[in-house]
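> Sharing a model prediction with you, sequence too.
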Amino acid sequence: MIRSLPACLAFLAFLPVMGLADDPVPTGHSTLHIVFITPHSHQMMGGGMGGMGRSQSPMIRIGDIVGPADDIRPIRISIDGEFVGHAMVGTWDIKPVFVLPEGKHQLTFAIEGLDPVAADIKVLGTNSTQYLIVKLPSKKAKPKNSTDSADASTSQPFDN
């Protein structure tokens, strides 16, 4: 009896910690992890020349990291047309995880100054983990020039 007392006390001591475990995924849902692929266009702080390459940007703090405000570019996330939050890549690397119900969903990712990226995914709803890899654009797409035409009259050489 005395030997089983320490085992019972140890079990009771860990009982509250067991309640802190992640909630299970509800039936008919799956966990969706989103991974972003970004171009290697991150500018060096200060322009790489001792701060002489560009004007000083105000510094801001995100979590435990302080960086130039101009380099902060949150990714706006919408699911099925509804805004659900932000993510970030690079130094901050905030990767979103969602628990979604079974069925087709459209996710839209937008960064200020860039074209939004949309992705459709079929959530299996088998309490599984799914991954969605999103490739973000490096720059805003150039609009088509309205003067471009396939008309032969505009493609004639100039007379010299």
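Cool, got the structure. Numbers count the residues shown, from 1 in each chain.
> show me the contacts for residue 89.
36, 38, 75, 136 (CB atoms under 8 Å, 6 or more residues apart in numbering). (C-beta placed from N, C-alpha, C; glycine too.)
> so what's the nearest residue to residue 117 once chain neighbours are set aside bridging to?
Spatially, and ignoring its direct neighbours in sequence, residue 117 is nearest to residue 109 (4.8 Å; CB to CB, 6 or more residues apart in numbering). As for beta bridges, residue 109 partners with residue 77, residue 117 under DSSP bridges.
> give the contact list for residue 109.
Shown in contact with residue 109 (CB under 8 Å, 6+ apart): 36, 75, 76, 77, 87, 116, 117, 118, 119, 134, 136.
> List just the nearest of those residues to residue 64.
Comparing the contacts of residue 109 against residue 64 with CB to CB places residue 87 closest, at 17.7 Å.
> Near the closest one, how many other residues are there?
Residue 87 has 18 neighbours, counted by other CB atoms under 10 Å.
> repeat for residue 98
Residues lying near residue 98 (other CB under 10 Å) number 19.
> nearest spatial neighbour of it, skipping sequence neighbours?
In space, residue 98 comes closest to residue 32 once its chain neighbours are excluded; the distance is 4.7 Å by CB to CB, 6+ apart.
> my guess is residue 131 meets residue 36, correct?
No: with contacts counted by CB atoms under 8 Å, residue 131 stays clear of residue 36, the gap being 11.6 Å.
> between those two, which one's more packed in?
residue 36 (21 against 10).
> Secondary structure element holding the more buried one?
Assigned by DSSP states H and E, residue 36 falls within strand 29-37.
> which residues sit in contact with residue 137?
Residue 137 makes contacts with 39, 114, 115, 117, as judged by CB under 8 Å, 6+ apart.
> From residue 70, how far out is residue 35?
According to CB to CB, to the nearest Å, residue 35 and residue 70 sit 25 Å apart.
> do residue 126 as well
Counting by CB to CB - residue 126 and residue 70 are separated by 43 Å.
> next one: residue 58
Using CB to CB, residue 58 is found at 8 Å from residue 70.
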